[in-house]
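Asker: can't give you the sequence, but here's the structure:
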Ligand code: SAM
């Protein structure tokens, strides 16, 4: 066992859930690392839809995906993830990932925020098939602040426990407001 990052933690669960041929969504594509991870798991007959509001992010992701020979199974969409339900049919998606915050290597002015993240999560959950998984990497502190972190956890705690299982993990001994990986599993 190594020094699990918040994305490593989510990737472990995603890799257990995703099968070849699946449809997955990366709600925050950024530089494309999570998109590429999903694309490698869905195989040549699967598909990943990747959202971002920054063309520069999608350009970087496209470059990475082409270099890894994965671009043919990925649809990159320049749109806000709150419109996620316009791109997939309810009950058809194996996994949805959110890696919140700002584009690594980009400016900090453009970042996810509660006003669009909460509608995006709410619109994304019904897209999951039974047993499907949503992972959310939440950051807090520094210039990210606490509003989105608090709002997402508050919202997730209200989900019907018969329909969704929500698990938020904590890095107990890390200083300075460590990130939080969250799993949401659709039970029925
Ligand atoms: N998964 C990425 C990777 O592997 O490189 C990192 C994602 S980065 C932490 C967060 C991304 O979310 C940024 O690229 C940002 O532009 C994007 N973003 C911010 N608001 C968004 C929104 N409303 N809809 C979709 N993407 C958004």
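Answerer: Perfect, thanks for sending it. As the structure is a prediction and not an experimental result, all values here were calculated from the model.
Asker: and for residue 65, the neighbour number?
Answerer: Look at residue 65: counted by other C-beta atoms under 10 Å, it has 23 neighbours. Just so you know, the C-beta spots here come from the backbone N, C-alpha and C atoms, and that holds for glycine as well.
Asker: find the nearest non-adjacent residue to it, please.
Answerer: residue 71 (4.3 Å; C-beta to C-beta, 6 or more residues apart in numbering).
Asker: report pLDDT for that neighbour.
Answerer: Listed pLDDT for residue 71 reads 98.
Asker: how close does it sit to residue 64?
Answerer: As judged by C-beta to C-beta, to the nearest Å, residue 71 and residue 64 stand 9 Å apart.
Asker: same deal with residue 70?
Answerer: For residue 70 relative to residue 64 (C-beta to C-beta), the value is 8 Å.
Asker: got any residues that touch both of those two?
Answerer: Residues touching both residue 70 and residue 64 by C-beta atoms under 8 Å, 6 or more residues apart in numbering: residue 36.
Asker: need the contact list for the closest residue to the ligand within the chain.
Answerer: Using C-beta to the nearest ligand atom, the single residue of the chain nearest to the ligand is residue 30, 2.6 Å away. Residue 30 sits next to 52, 57, 60, 61, 99, 103, 104 when contact means C-beta under 8 Å, 6+ apart.
Asker: appreciated, that's everything.
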